[in-house]
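Novice: sequence unavailable; structure follows:
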């Protein structure tokens, strides 16, 4: 069984990820992992933190001579800003040890302090921060390398920023939001290509591939909606317009000439590309903050302001690639098993021969 955990806070010494279930014998390319880490830090509209951090993963267990052992893999991502945090006053003149009392609307701040009975919002925001996704991207980069054994690839692209759909319009919208002390969200798409039919299952709700993928993408900070294929457009279409007709074409086998289903039918991959779109809300940290209530004395004041991004949709797309890769690996290993890469590869090849007979 493939599973993972992350640990660490935004301004703590490091983020940690532990992965269990990667078969033995997978040659891991650390440069590829770090390339995805760098992609997460890019994109117009990112904040000052990205000028400080140069994320790189350090593998401390489960790999020997660049090859997985079948034992748990531990990865460490050091926070460069940890040293700064210890030596200077926090951003905007707030001392490191002074409690934060003004929760941000749209953030985990208020529900977090209520749930965990904390008096300082920093006890919540440090872990709730999207900085945690750096560890997820490292895990997802390992998952992508395992998917490559099956020929499966994952890509993403940004479709919309604040209503803008061309690159020039998106850049202009982000620049205007920054000048106004505001933030923007948007829509991105993730595509999983070369997926064999048969991953996931219809037999229980929690084994359905679309259920698991939707949950994984929704787990990313600030994601508020997920759709597959035609998604919400289904509401406006009849059955004859929307369902993907089935054909059989030589060596390609069963196929479809449209993909409104987004590659999943009945909770099972159908052999077409899996297409997922997600909407990210505007980041709740604003340079012109919204009204809130001080949790100590209940007085009205402006929300706390942290150093933050204006727009992080491009980064969220990279994180979504990672989460999708993680779910796809889980389903791949559930279907084909194998404690070694050779066993996994053999099982996949035999399955492809069977379904193409």
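Specialist: Done, it's in. Since the structure is predicted, the reported quantities are computational estimates derived from the model, not experimental observations.
Novice: residues near the residue nearest to residue 207 when sequence neighbours are not counted, how many?
Specialist: Leaving out its chain neighbours, the residue that sits closest to residue 207 by Cβ to Cβ, 6 or more residues apart in numbering is residue 201, at 4.1 Å. Placement of C-beta: from N, CA and C, glycine included. Neighbourhood size, residue 201 [other Cβ atoms under 10 Å]: 16.
Novice: pull the longest helix from this protein.
Specialist: Scanning the chain for the helix with the most residues, using DSSP state H, yields helix 313-336.
Novice: and the next helix or strand past that one?
Specialist: helix 341-355 (DSSP states H and E).
Novice: chain center to that next one, what's the gap?
Specialist: 28 Å (Cα atoms, centre = their mean, to the nearest Å).
Novice: and what of stretch 294-308?
Specialist: Here the centre of stretch 294-308 is set off from its chain's centre by 29 Å, with Cα atoms, centre = their mean.
Novice: give me the distance between the two termini of that stretch.
Specialist: 21 Å (Cα to Cα, to the nearest Å).
Novice: on that earlier part again, just list the residues touching the residue nearest to residue 207, thanks.
Specialist: Each residue near residue 201 by Cβ atoms under 8 Å, 6 or more residues apart in numbering is listed here: 207-209, 267-268.
Novice: make it 7 Å
Specialist: Listed by Cβ atoms under 7 Å, 6 or more residues apart in numbering, the contact set of residue 201 reads 207-208, 267-268.
Novice: ditto for residue 220
Specialist: 133, 316, 319-320, 323.
Novice: list the contacts for residue 45?
Specialist: Contacts for residue 45 (Cβ under 7 Å, 6+ apart) come out as 174, 178, 309-312.
Novice: switch the cut-off to 10 Å
Specialist: Contact partners of residue 45, counting by Cβ atoms under 10 Å, 6 or more residues apart in numbering, are 161, 170-171, 173-175, 177-178, 183-184, 283, 309-315.
Novice: show the pLDDT at the residue nearest to residue 207.
Specialist: Looking at residue 201, its pLDDT reads 98.
Novice: try residue 306
Specialist: Looking at residue 306, the pLDDT reads 76.
Novice: now residue 59
Specialist: pLDDT, residue 59: 98.
Novice: give me the neighbour count for it.
Specialist: Residues near residue 59, counting by other Cβ under 10 Å, number 17.
Novice: so in terms of bridging, what pairs with it?
Specialist: For residue 59, the beta-bridge partners under DSSP bridges are residue 75.
Novice: save the contacts of residue 201 as a markdown table, and put in neighbour count, distance to residue 224 and secondary structure too.
Specialist: Output for the contacts of residue 201, formatted as a markdown table (neighbours: other Cβ atoms under 10 Å; distance: Cβ to Cβ, whole Å; DSSP: H, G, I helix; E, B strand; the rest coil):
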| residue | neighbour count | distance to residue 224 | secondary structure |
| --- | --- | --- | --- |
| 207 | 15 | 25 | helix |
| 208 | 18 | 21 | coil |
| 267 | 19 | 23 | coil |
| 268 | 20 | 27 | strand |
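Novice: for residue 218, the count of nearby residues, please.
Specialist: By other Cβ under 10 Å, 13 other residues sit near residue 218.
Novice: element containing the spatially closest residue to it that is not a sequence neighbour, please.
Specialist: Leaving aside its chain neighbours, residue 218 sits nearest to residue 226 (5.8 Å; criterion: Cβ to Cβ, 6+ apart). Assigned by DSSP H and E, residue 226 falls within strand 223-228.
Novice: quick one: residues in contact with the following helix or strand past that strand.
Specialist: Per DSSP H and E, strand 223-228 leads on to helix 239-242 as the next helix or strand towards the C-terminus. Helix 239-242 is touched from outside by 229-230, 233-236, 258, 260-261, with contacts defined as Cβ under 10 Å, 6+ apart.
Novice: now do 8 Å
Specialist: 230, 234, 260.
Novice: just the contacts of residue 201 now: which is nearest residue 252?
Specialist: residue 268 (18.6 Å; Cβ to Cβ).
Novice: list the contacts for the closest residue to that closest one other than its chain neighbours?
Specialist: Spatially, and ignoring its direct neighbours in sequence, residue 268 is nearest to residue 200 (4.8 Å; Cβ to Cβ, 6+ apart). Residue 200 makes contacts with 207-210, 212, 264, 267-269, 331, as judged by Cβ under 8 Å, 6+ apart.
Novice: which of the residues you listed lies closest to residue 126?
Specialist: Residue 126 lies nearest to residue 212 out of those, by Cβ to Cβ, at 28.4 Å.
Novice: tell me what angle the helix or strand hosting that closest one forms with helix 313-336.
Specialist: If you go by DSSP H and E, residue 212 is part of helix 209-218. Inter-element angle recorded for helix 209-218 and helix 313-336: 140 degrees (by axes from the mean of the first three to the mean of the last three Cα atoms, to 10 degrees).
Novice: just checking, what packs against helix 209-218?
Specialist: Here helix 209-218 touches strand 223-228, strand 264-265, strand 274-280, helix 313-336, going by 3 or more Cβ pairs under 8 Å, 6 or more residues apart in numbering; DSSP states H and E.
Novice: which strands and helices lie in contact with whichever helix or strand comes after the second one?
Specialist: Just to be clear, that refers to strand 264-265. Going down the chain from strand 264-265, the next helix or strand is strand 268-269, by DSSP H and E. Packed against strand 268-269, as judged by 3+ Cβ pairs under 8 Å, 6+ apart, are no other helices or strands.
Novice: how far does strand 268-269 sit from its chain's centre?
Specialist: 21 Å.
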